[in-house]
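**Q** got a sequence here, can you model it:
(2 chains)
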2 protein chains.
Amino acid sequence: MSDNSVISTRVRLARNLKDFPFPCKLSPDGMEKVIEKVRSAVKNSNSSIASDFKFIKMSDLTEAQCVSLVERRIVSPEFIGNTEGRALLVNSDESLSIMINEEDHIRIQAITKGLALEQTYDLVDKLDTLLDESLDFAFSEKLGYLTQCPTNLGTGMRASVMLHLPALEKSRAIGRIAGNLSKLGLTIRGTHGEGTEPKGSLYQLSNQVTLGISEKAAIENLKNITSQLISQEELARERICSNIDIQDSISRSLGILKYAHTITHDEALQLLSNVRLGIVSGQLKDVPLLTIDKLMTDVEPATLMVNSGKNLSAAQRDVARADLLRKALEEV
Amino acid sequence: MSDNSVISTRVRLARNLKDFPFPCKLSPDGMEKVIEKVRSAVKNSNSSIASDFKFIKMSDLTEAQCVSLVERRIVSPEFIGNTEGRALLVNSDESLSIMINEEDHIRIQAITKGLALEQTYDLVDKLDTLLDESLDFAFSEKLGYLTQCPTNLGTGMRASVMLHLPALEKSRAIGRIAGNLSKLGLTIRGTHGEGTEPKGSLYQLSNQVTLGISEKAAIENLKNITSQLISQEELARERICSNIDIQDSISRSLGILKYAHTITHDEALQLLSNVRLGIVSGQLKDVPLLTIDKLMTDVEPATLMVNSGKNLSAAQRDVARADLLRKALEEV
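**A** Presented below is the predicted three-dimensional model:
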């Protein structure tokens, strides 16, 4: 089993400060106090990672900058719904971040390329320990960490892997798999938000149970199921990738990405997904997987605007997106 | 005005032997005699071009070889409908050919790349003179050359240019133009046979009037109308080629042709047509026009089989066609 079906691994911990009401009950003044406490906890810590963090008041950002943070999976969509009283701490390579005053006071997140559940958990665990040194977390001996939403009570941990499952999707096996996973306390859904159609064959598999289970056990559980899913994807891949029509669509997708002069987000994602399948199935030898994975985020509309430094209309974005893709794949 | 909208020029002369009934009334034995007479006339002539001709009994060819002759525009579709008693003389570069026992005893044809009406007429005229030295043509002082179908009476000449008119087609101006042309004694139609939808934006413009007009006058008339059509195409081209969607479809077409692993005839022709538009409009700098024009014939199903030396199923042809296109455009 190879792990090239996994694009990234993410772990987040929900924490709240004992002496403050949950954010939804918090006054603007209270929110500022929470922000200041968390900011100081990071700033004044002795840890080497602390100096790498940048502090961002969410209300200082443009709409495109906010949406791009969601597209890059640094913050949740809910977090940018209202930017007042909210702040973000994020390190330079964006692998570590702390959302302040999302649903809970503190959401610690680590994100790593590829399949790396233990390592990613270790990263959030270290940051959690750092914060714990100077902050009083709401904690019950019986329940564990207290969170606003009962689904996070206990470990407060949500671990997830972003999977690329084109072969299972093309074989129409995803629906059945999703049904089985929910019985195991796991959820799989398209990465473009709950309730939306999966795009680019990207799926997020995450644990749902946080109460009565240790972090390690939850991570282990997720890791095992991920392995099984990867194996199933690899089997389905072998079946479909000997088909000339699949090989054709993979190769054409690369051709179109290299030659288009205007391209929508959804088409770009679909073509990148096809090319990614071509790489992992061995058909496309010269295309770096990391280039494609990076492009899958860089073609997102707000990220495209933030990277170009301009506000662009939808039509202008389609042209800028095609330019970006042609340039990135020029040497391929 | 440039003449890059013209792919080829063709002139054919219909001739019949005085001492034989028209082919439709001719016995198998009579057909053989006509074949032998024409063959000898070429073989025994003193002309240098005579030695370059190959003699082909149509009934010796496979079906694919017959159809490929039609695709390469060397013979008419009618000629291969029944191969008994029919023969072909064709020179090594296939620019000159003589169909024996088509609708008329003799159909002399010359085909030249690009716009070359006078030169092409000169070629058939020379071959006509060569045959006239030893054959007695059915000729009336009043009517001119006698032909089976009255629409060919007189000069027996049909001159045509194969035009690539993507801009006029995309601007939906072709219908109006076709109506006007018929009033001028000319016909424009798709190159893939009467009554079929034009494919690859390829049109054949030809003279219809053969009676009461000299060859030179008919050629001059066709030349003038061709010039006007080219100018209209160039105007339409300027209008549409600044459009990003047209530029996109041109560039994508090249990308798909360079990357497809299976492709149907109709799609290939459409994409080649788009690329051709890209070349003549100046968007695509590095693609040779002659490569594209040659591919437009080489992607035809029977020619594909003849060139590969194998009988292929439709699915196999689609793969072979994609291989051919990828290879031909590799360096581009």
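
**Q** going forward, measure contacts and count neighbours with C-alpha atoms only.
**A** Will do.

**Q** residues from chain A in reach of chain B?
**A** Proximity of chain A to chain B is assessed by Cα under 8 Å from any Cα of the partner chain, with A:244-245, A:247-249, A:251-252, A:254-256, A:258-262 identified as the residues in range.

**Q** how about a cut-off of 10 Å?
**A** For chain A, the contact set with chain B under Cα under 10 Å from any Cα of the partner chain comprises A:244-263, A:315, A:319, A:322.

**Q** list only those of those residues flagged as buried.
**A** Burial by neighbour count, judged by 16 or more other Cα atoms under 10 Å in any protein chain shown, picks out A:245-263, A:319, A:322 from the residues of chain A next to chain B.

**Q** so of those, which ones are in strands?
**A** Mapping these onto strands (DSSP state E) picks out no residues; all lie outside.

**Q** point to the helix or strand of chain A where mean pLDDT is at its lowest.
**A** Across the helices and strands of chain A, mean confidence by mean pLDDT, DSSP states H and E is lowest for helix A:174-183: a mean of 85.

**Q** buried set for stretch A:223-231?
**A** By neighbour count, and taking 16+ other Cα under 10 Å as the criterion, the buried residues in stretch A:223-231 are A:223, A:226-227, A:229-231.

**Q** where does the prediction get shaky in the stretch 101-250 of chain A?
**A** Along the stretch 101-250 of chain A, segments meeting pLDDT under 70 span A:192-197.

**Q** quick one: contacts for the closest residue to chain B within it?
**A** With Cα to the nearest Cα as the measure, the residue in the stretch 101-250 of chain A that lies nearest chain B is residue A:248; the distance is 4.5 Å. Residue A:248 makes contact with A:241, A:278, B:256, B:259-263, B:319, B:322, according to Cα atoms under 10 Å, 6 or more residues apart in numbering or on different chains.

**Q** out of those residues, flag the one nearest to residue A:100.
**A** Set against residue A:100, the nearest of the contacts of residue A:248 by Cα to Cα is residue A:278 (40.4 Å).

**Q** helix or strand for the residue nearest to that closest one when sequence neighbours are not counted, which one?
**A** For residue A:278, ignoring the flanking residues on the chain, the nearest one in space by Cα to Cα, 6 or more residues apart in numbering or on different chains is residue A:284 at 5.2 Å. Using DSSP states H and E, residue A:284 sits within no helix or strand.

**Q** quick one: contacts for residue A:284?
**A** If you count contacts by Cα under 10 Å, 6+ apart, residue A:284 has them with A:247, A:250-251, A:254, A:275-278, A:332.

**Q** out of those residues, which comes closest to chain B?
**A** Top of the list for closeness to chain B, among the contacts of residue A:284 and by Cα to the nearest Cα, is residue A:251 at 5.4 Å.

**Q** was I right about the closest one contacting residue A:283?
**A** Yes: A contact is recorded between residue A:251 and residue A:283 when judged using Cα atoms under 10 Å, the distance being 8.5 Å.

**Q** and the longest helix along chain A, how far out from the chain middle?
**A** Selection of the longest helix in chain A by residue count, based on DSSP state H, yields helix A:215-240. From the chain centre to the centre of helix A:215-240 is a distance of 18 Å (Cα atoms, centre = their mean, to the nearest Å).

**Q** angle of it against helix A:174-183?
**A** For helix A:215-240 against helix A:174-183, the angle between stretch directions is 160 degrees (axes from the mean of the first three to the mean of the last three Cα atoms, to 10 degrees).

**Q** looking at the contacts of residue A:248, spot the one nearest residue B:212.
**A** For the contacts of residue A:248, the minimum distance to residue B:212 (Cα to Cα) is 47.7 Å, reached by residue B:263.

**Q** could you pull up the contacting residues of the closest one?
**A** Under the criterion of Cα under 10 Å, 6+ apart, the contact partners of residue B:263 comprise A:245, A:248, B:256-257, B:269, B:299, B:315-323, B:325.

**Q** likewise residue A:311?
**A** By Cα under 10 Å, 6+ apart, the residues touching residue A:311 are A:64, A:302, A:304-305, A:317.

**Q** filter the residues you listed down to the buried ones and express that as a PyMOL selection.
**A** The buried subset of those, as determined by 16+ other Cα under 10 Å, is captured in PyMOL by this line:
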select buried, chain A and resi 64+302+304+305+317
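
**Q** can you lay out the contacts of residue A:311 as TSV showing pLDDT?
**A** Conversion of the contacts of residue A:311 to TSV gives the following (pLDDT from 0 to 100):
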residue	pLDDT
A:64	97
A:302	97
A:304	97
A:305	98
A:317	98
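
**Q** closest one of the contacts of residue A:311 to chain B?
**A** Within those, distances to chain B taken as Cα to the nearest Cα reach their minimum at residue A:317, with 12.8 Å.

**Q** what residues are up against the closest one?
**A** Contacts for residue A:317 (Cα under 10 Å, 6+ apart) come out as A:262-265, A:299-302, A:304-305, A:308, A:310-311, A:323.

**Q** repeat the analysis, applying 8 Å as the threshold.
**A** Residue A:317 sits next to A:301, A:304-305 when contact means Cα atoms under 8 Å, 6 or more residues apart in numbering or on different chains.

**Q** same thing with residue A:323?
**A** Residues touching residue A:323, when contacts are defined by Cα under 8 Å, 6+ apart, comprise A:261-262.

**Q** gap between it and residue A:144?
**A** In this structure, residue A:323 and residue A:144 are 50 Å apart, going by Cα to Cα, to the nearest Å.

**Q** thinking again about what came up before, between the contacts of residue B:263, which is closest to residue B:16?
**A** residue B:299 (34.9 Å).

**Q** and the nearest residue to that closest one once chain neighbours are set aside, how many neighbours?
**A** Distances taken as Cα to Cα, 6+ apart put residue B:321 closest to residue B:299, at 5.9 Å, once the chain neighbours are dropped. Burial of residue B:321, expressed as a neighbour count using other Cα atoms under 10 Å in any protein chain shown, amounts to 27.

**Q** now swap in residue A:67 and tell me
**A** Counted by other Cα under 10 Å, the residues lying close to residue A:67 total 22.

**Q** would you map the strands across chain A?
**A** Taking DSSP E as the criterion, chain A carries its strands at A:6-15, A:53-57, A:87-91, A:96-100, A:106-113, A:139-140, A:144-145, A:157-164, A:186-190, A:202-207.

**Q** all helices in chain A, in order from the N-terminus.
**A** With DSSP H as the criterion, chain A has helices at A:28-43, A:63-71, A:77-81, A:117-134, A:166-170, A:174-183, A:215-240, A:244-259, A:265-280, A:289-298, A:301-308, A:314-328.

**Q** and those helices, which is most packed in?
**A** For those, average neighbour numbers computed from mean count of other Cα atoms under 10 Å in any protein chain shown are highest in helix A:244-259, which has a mean of 23.

**Q** now the residue nearest the centre of chain A: how far from residue B:14?
**A** Nearest to the mean C-alpha position of chain A, by Cα atoms, centre = their mean, lies residue A:73 at 4.1 Å. Residue A:73 sits 75 Å away from residue B:14, going by Cα to Cα.
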